[in-house]
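1. my questions concern the predicted model and sequence given below.
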Amino acid sequence: MLNLQIHTRNAPVRALQVQHGCTIGKDASCDICVKGLLIGKLQARIVREHNAYYIEDQGGIAATLVNGTPITRYGPLTEADQIEIGMTTIRIARATASAQPAASPLSAAQAPSAHTAASAQFAQPAPVASPSIARDAEPQWRTDTPHPSGSNTHAPARHPQPLSHAAHASLPLAEQEAAARNPHAVAAASSIHAASLSAGKTAAEPSAIAPINTPLGIELRKQAHMKVIAALDLRRLNVARMEDDELRKTVGAALDDILNHDPMFRTPDIPLDVLKKSVFDEIIGLGPLEELIADPSVSEIMVNCHNEIFVEQDGQLTRSPVIFTDDRAVLGAIERIVAPIGRRIDESSPMVDARLADGSRVNAVIPPLALKGPSITIRKFSRRKLVGEDLIKFGTLSPHMLEFLHTAVKQGANIIISGGTGSGKTTLLNVLSSYIPDDERIVTVEDAAELQLSQPNLVSLEARPANMEGKGAVNIRDLVKNCLRMRPDRIVIGECRGGEALDMLQAMNTGHDGSLTTAHANTPRDCIARLEVMTLMAGLDLPVHAIREQICSAVDIIVQQSRFSCGSRRVTHITEVSGMESGVITLQDVFVFKEEGFSEQGKIQGKFVPTAYVPDFYQELIRRRIPVNTDIFTRPE
């Protein structure tokens, strides 16, 4: 006989006794019905073989997890195992004839008294084996049990398994029950799992797990969150119409009242102020992302799923120890990001580009496109607007290169900044845009507003996605066409990705000199090829020769920026588009970055050198008697 305890959020704990096996899925005919968009009609099956029980995944978009790891088949099942399918957790309990049925304290607190009786087909939850029995249990054989290290292992209590995160760091059920009955045992249990985490840590693992992110901490966060929502609902408050300050005061007061008067939230490992901040951030702000956004050393935040967050610091990716409580918390954070700027995200529109109040760029994807759960990528921008001297200090370019680009922007050269993802194109575009004279009218066009220009005569345009009926979309190409009617002196496009490249080239060729944009390419020559492809995406049947003539006459300079494996960003080429020969666009490097290997710290080393070529653009300025410094093109001795 296998006793199962079924935990579903916002529902009382149920118990089920399995004799020969059972089915799990969202179909009404399943023995255990699990709701969820990604759950299969028959998601999993528990079968009995040789007096032991095994769980088999039957397919579905959502994964069947055992102890936090996706499985196809797992067994034999023991009391130490925890099955997770969507928002439902199934725990294994051992039947004891002499003991009275009892539910865990946290579960009992979660379920309202009016709903404590289980339905007729479910028995009451069976008691759990004592911690001593769990610790003395002999290792069991496992089949097809993936593990982060690639080996098939199991985790008896006396040999804790190295675990990768809070979902993996769940205590065996017996120890969870003991910890809930005796709060002083939580510290010991947490220290055991912290030690096992450190022992099995890899480069992709967080360095430590805070008590607030342990299974007990996550459960307390969920409980406090639900109690606050229930308290506000009982008071008939319409939070949607509250001002931000009023909402913060109301939620803070309700949270203080709950945490100070409910003894379940008083644990030795988790101070009330830490618990309050975590719950408050999840209700009002962006949850655990708040502390990452506030950290100036973090340049990018990547949420792969609710309990898997990576950050980029100093150009290197590391796994963050902070986590969300569940997928709903991630969805809540996404909605709080996109709602203020009029964007939406749902099943009909599961991808969205947005921005935070500080200008940081956000991309979010939700199921069914994101298989692991809602995903967020945040590209942070410096709170202080960077200037050219900052780029010199960072080693991105040399003073002579910056002087050349400053002159080029000021004198109206058409510039394209080329580079890969995360190479710093937008940062450089911001810096170069600041060199546009204040007496010129500028129109910027972006998919999601990121540019931070300070000139007085500025119009910023942002593309708009379709509404719920699939209508009303305004793309970048429409905005580029429209901005030509707004009497711009300069047009700045955040990024050319498609047919708007043709409109940009036409604008550069029709009196809007000094326009700037960015494009994805690995070299200046690749950038020319990308412009040709993007121009063809406009849908016009133009011959390649005509497109190349347009590019040659429109584009003056290509600035190539690269991100190296060490995380360093460098301007590797400043190249002039010099003309056409035999139908091929000719390019001439003005400045290049010559690599000289890596330092002992693993950072790229090299120097910026001129090629001794004086570009045609500078020669034209000299003919017009505009004073320029040609010494910057002289090669060092």
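-> Perfect, thanks for sending it. Residues are numbered from 1 along each chain as shown.

2. could you count how many residues lie near the residue nearest to residue 539 when sequence neighbours are not counted?
-> Excluding the flanking residues, the one nearest residue 539 by C-beta to C-beta, 6 or more residues apart in numbering is residue 499, at 6.5 Å. In this view, the C-beta of every residue, glycine as well, is placed from N, C-alpha and C. Residues near residue 499, counting by other C-beta atoms under 10 Å, number 19.

3. for residue 499, give me its contacts.
-> 477, 534, 535, 537, 538, 539 (C-beta atoms under 8 Å, 6 or more residues apart in numbering).

4. same deal with residue 505?
-> Here residue 505 is in contact with 531, 535, 550, 551, 554, 555 (criterion: C-beta under 8 Å, 6+ apart).

5. is it true that the first one lies in a helix?
-> Yes: the assignment for residue 531 is a helix, going by DSSP: H, G, I helix; E, B strand; the rest coil.

6. any idea of the pLDDT on it?
-> We have a pLDDT of 93 for residue 531.

7. distance of it from residue 563?
-> 21 Å (C-beta to C-beta, to the nearest Å).

8. again with residue 505
-> From residue 505 to residue 563 the distance is 27 Å (C-beta to C-beta).

9. now, which of the contacts of residue 505 lie within helices?
-> Members of the contacts of residue 505 lying in helices (criterion: DSSP state H): 531, 535, 550, 551, 554.

10. I figured the third one hits residue 509, correct?
-> Yes: with contact defined as C-beta atoms under 8 Å, residue 550 reaches residue 509; the gap is 6.6 Å.

11. which one's more surrounded, the two?
-> residue 550 (20 against 16).

12. got the contact list for that one?
-> 502, 505, 506, 509, 535.

13. the third one: neighbour count?
-> Taking other C-beta under 10 Å as the neighbour definition, residue 506 ends up with a count of 16.

14. can you check the last one too?
-> Other residues within reach of residue 535, judged by other C-beta under 10 Å, total 26.

15. look at it and report its pLDDT.
-> 91.

16. picking up where we left off before, need the contacts of residue 499 in TSV (columns: distance to residue 331).
-> Listed next are those as TSV, based on distance: C-beta to C-beta, whole Å:
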residue	distance to residue 331
477	32
534	34
535	39
537	33
538	37
539	37
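
17. other SSEs contacting the helix or strand where residue 275 lies?
-> If you go by DSSP states H and E, residue 275 is part of helix 272-284. Judged by 3 or more C-beta pairs under 8 Å, 6 or more residues apart in numbering; DSSP states H and E, the packing partners of helix 272-284 are helix 215-234, helix 244-261, helix 327-338.

18. picking that back up, of the contacts of residue 499 - the most surrounded one?
-> Neighbour max across these (other C-beta under 10 Å) = residue 535, 26 neighbours.

19. may I see the buried residues of stretch 16-34?
-> 16, 18, 21, 22, 23, 24, 25, 26, 30, 32, 33, 34 (16 or more other C-beta atoms under 10 Å).

20. what distance do you get for residue 614 to residue 370?
-> From residue 614 to residue 370 the distance is 52 Å (C-beta to C-beta).

21. then residue 225?
-> 23 Å.

22. circling back: can you tell me which of the helices and strands packed on helix 272-284 comes nearest to residue 72?
-> Residue 72 lies closest to helix 327-338 among the helices and strands packed on helix 272-284, at 22.3 Å (C-beta to C-beta).

23. got the angle between the closest one and helix 215-234?
-> 60 degrees (axes from the mean of the first three to the mean of the last three C-alpha atoms, to 10 degrees).

24. flag the shaky bits of this protein, pLDDT-wise.
-> By pLDDT under 70, the low-scoring segments of the chain are 10, 94-208, 233-242, 468, 636-637.

25. how is it divided into domains?
-> 2-157, 292-383, 388-632 (automatic domain parsing).

26. so where do the strands sit in the stretch 301-450 of the chain?
-> Along the stretch 301-450 of the chain, the segments classed as strands by DSSP state E, counting those that start in this stretch run 308-313, 316-319, 351-355, 361-365, 375-379, 415-419, 442-446.

27. distance between the longest one and the chain's centre?
-> Think strand 308-313. 8 Å (C-alpha atoms, centre = their mean, to the nearest Å).

28. now the contacts of residue 550 in TSV, with secondary structure and distance to residue 576?
-> Shown next, in TSV, are these (DSSP: H, G, I helix; E, B strand; the rest coil; distance: C-beta to C-beta, whole Å):
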residue	secondary structure	distance to residue 576
502	helix	22
505	helix	17
506	helix	21
509	coil	17
535	helix	20
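
29. mind telling me the two of the residues you listed farthest from one another?
-> Largest separation among the contacts of residue 550 by C-beta to C-beta: 509 and 535, giving 12.4 Å.

30. in the sheet, who's paired with the nearest residue to residue 76 once chain neighbours are set aside?
-> Distance criterion C-beta to C-beta, 6+ apart; nearest residue to residue 76, sequence neighbours excluded, is residue 52 at 3.6 Å. On the basis of DSSP bridges, residue 52 is bridged to residue 49.

31. how about stretch 569-580: buried residues?
-> For stretch 569-580, by 16+ other C-beta under 10 Å, it's 569, 570, 571, 572, 573, 574, 575, 576, 577, 578.

32. ditto for stretch 406-425
-> For stretch 406-425, using 16+ other C-beta under 10 Å, the buried residues are 407-409, 411-419, 423-425.

33. again, but for stretch 449-456
-> 449, 450, 451, 453.

34. I'd like these laid out as a markdown table, including distance to residue 470.
-> Converted to a markdown table, the buried residues of stretch 449-456 look like this (distance: C-beta to C-beta, whole Å):
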| residue | distance to residue 470 |
| --- | --- |
| 449 | 23 |
| 450 | 26 |
| 451 | 29 |
| 453 | 33 |
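
35. now flag whichever of those is closest to residue 322.
-> Nearest member of these to residue 322, counting by C-beta to C-beta, is residue 450, at 25.3 Å.

36. the closest one reaches residue 381, doesn't it?
-> Yes: in this structure, residue 450 is within contact of residue 381 by C-beta under 8 Å, at 7.1 Å.

37. spit out the residues that contact these two alike.
-> Joint contacts of residue 450 and residue 381 (C-beta under 8 Å, 6+ apart) are 359, 361.

38. still on that earlier bit, looking at the helices and strands packed on helix 272-284, which is buried most?
-> The highest mean neighbour count among the helices and strands packed on helix 272-284, using mean count of other C-beta atoms under 10 Å, belongs to helix 327-338: a mean of 20.

39. and for stretch 363-373, what's in contact with it?
-> 37-38, 61, 63, 304-306, 308, 327, 330-331, 334, 337-338, 345-347, 350-354, 374-377.

40. then stretch 328-344?
-> Counting by C-beta under 8 Å, 6+ apart, residues outside stretch 328-344 touching it are 87, 282, 285-287, 289, 303, 305-306, 324, 345, 352-357, 362, 364, 366, 373-374, 376, 464-465, 467-468.
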